[in-house]
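Colleague: Quick one: sequence and predicted model below, then my questions.
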Amino acid sequence: MDGAAEISEGTGFTCESGSTRIQERLQRRHQTRIEDAERRKEAKESQSVAEEKGEYFFGTFNTERASIEELLCGCSGADRAVLTQKLEEATAKTLQLQKFLNDSMLFLTQYDLRQAQAALQKLQTSIAELREEGLPKKKFAFRARTKAADKASAAPVSDTPSPAEPGSIKVDGAAASEQCGFSNVNNARLTKTAEEIHKQDVLLTHLTNCKVRLFGSPSTLHLKHIDSCEILCGPVSSSVFVDQCRNSTLAFPCQQLRTHNTVDTQVYVHVTSRAIIEDCHGVSFAPFSWSYPTLEEDFTVSGLDQDRNNWSQVDDFNWLAAGTPSPNWTVVPEADRKTNWDP
């Protein structure tokens, strides 16, 4: 009897322990189901919020874009005063639209972001082209050359241009603020002052073996067909567009950077959004390091945030492999970065 009692008591203890374990498993399973349901609910709510934000963004973005396009359409056949006013208004609206896009980047998909950026680039290009075509301006003029000048122009380029220096290029006074750029120049020193580029769209195109210094704060900067050049620019209040650039060194602060069809080029940049490259190879990035006396003032004029620099955050639209770095761009090693920009 005593032995049977012992067995019974032991069996009862075992059953009680098994029942407890089963209850614990059931409770854990129930808790897991509750947590999964909560996660699904949060994900659904988050997706809903993102969709609502996306709908609001595109509704507002497209309305503002249509307003700018209407302004640009009104430029056709307008006289100089009206054209100037409409272009200034369109530029201001485009800057606001760029800021709205930058503030919305966190919840936009890569595809939606790319579409919006492409639309903005189209607007900015249209404004630059209308200003270049619609406002009468004088063309670049080379100074009279002598045999001594021919010798001087063959010498290596220098950072310190002088009005009397042969081979330097100037824009005639009255048209300087409207010209806003250099085109079809080889082996030269090119400089623009803060007054010349203030809030202007600057276009540099078809330059070879040139040193360019742009002091001040332009609205946008367009670089096209650049070969073996060193181009330094003060804070650009909105976007920099680079296309067909090779074997060059570029430096500028900006809000947005888009680089296309560019090879073997170093970019020293302060950018408040994420830089974008497409169809590029051998491009390397480093933090902006050029300095000149009025740089701080020009940063203030540009409205750029000096504490926000995403110089190493680059999106390659030709490289979609998640988790694997793009082979098309690199970071310039710290020991190899240029800090002295004077000869």
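Modeller: Arrived safely, thanks for sending.

Colleague: Confirm that residue 66 sits in a helix.
Modeller: Yes. Remark: residue 66 belongs to a helix, assigned using DSSP: H, G, I helix; E, B strand; the rest coil.

Colleague: count of neighbours near it?
Modeller: For residue 66, the tally of surrounding residues (other CB atoms under 10 Å) stands at 10. In short, each C-beta sits where N, CA and C put it, glycine included.

Colleague: One more: residue 114?
Modeller: There are 16 residues near residue 114, going by other CB under 10 Å.

Colleague: Also residue 199?
Modeller: 17.

Colleague: Excluding chain neighbours, what is closest to it?
Modeller: Spatial nearest neighbour of residue 199, chain neighbours left out: residue 219 (5.1 Å); criterion: CB to CB, 6 or more residues apart in numbering.

Colleague: swap in residue 64?
Modeller: Closest residue in space to residue 64, ignoring its immediate chain neighbours: residue 97 at 5.0 Å, by CB to CB, 6+ apart.

Colleague: which phi and psi does that neighbour have?
Modeller: phi -70, psi -40 (degrees, to the nearest 10).

Colleague: Over to residue 209?
Modeller: When read as degrees, to the nearest 10, the backbone of residue 209 gives phi 50, psi 50.

Colleague: who's in contact with it?
Modeller: Contact criterion CB atoms under 8 Å, 6 or more residues apart in numbering gives 157, 186-187, 227-229 as the residues in contact with residue 209.

Colleague: one more time with 10 Å
Modeller: For residue 209, the contact set (CB atoms under 10 Å, 6 or more residues apart in numbering) comprises 156-157, 185-188, 227-230, 247-248.

Colleague: Check these against residue 295 and report the nearest one.
Modeller: Proximity to residue 295 was ranked across the contacts of residue 209 by CB to CB; first place goes to residue 230, at 17.3 Å.

Colleague: Just give the number of residues close to that closest one.
Modeller: Counted with other CB under 10 Å, the neighbours of residue 230 add up to 19.

Colleague: Let me know the distance separating the residue nearest to residue 199 from residue 311.
Modeller: Residue 219 sits 21 Å away from residue 311, taking CB to CB, to the nearest Å as the criterion.

Colleague: more neighbours, these two?
Modeller: Summary of the neighbour comparison: residue 219 and residue 311, criterion other CB under 10 Å, with residue 219 having more neighbours (23 against 20).

Colleague: Tell me the secondary structure at residue 92.
Modeller: Using three-state DSSP, the three-state assignment for residue 92 comes out as helix.

Colleague: Surely it touches residue 67?
Modeller: No. In terms of CB atoms under 10 Å, residue 92 does not count as a neighbour of residue 67; the distance is 11.5 Å.

Colleague: If you rank every helix and strand of this structure by mean pLDDT, what lands last?
Modeller: strand 169-170 (a mean of 38; mean pLDDT, DSSP states H and E).

Colleague: in terms of contact, does residue 233 touch residue 222 like I think?
Modeller: No. Judged on CB under 10 Å, residue 233 makes no contact with residue 222 at a distance of 11.2 Å.
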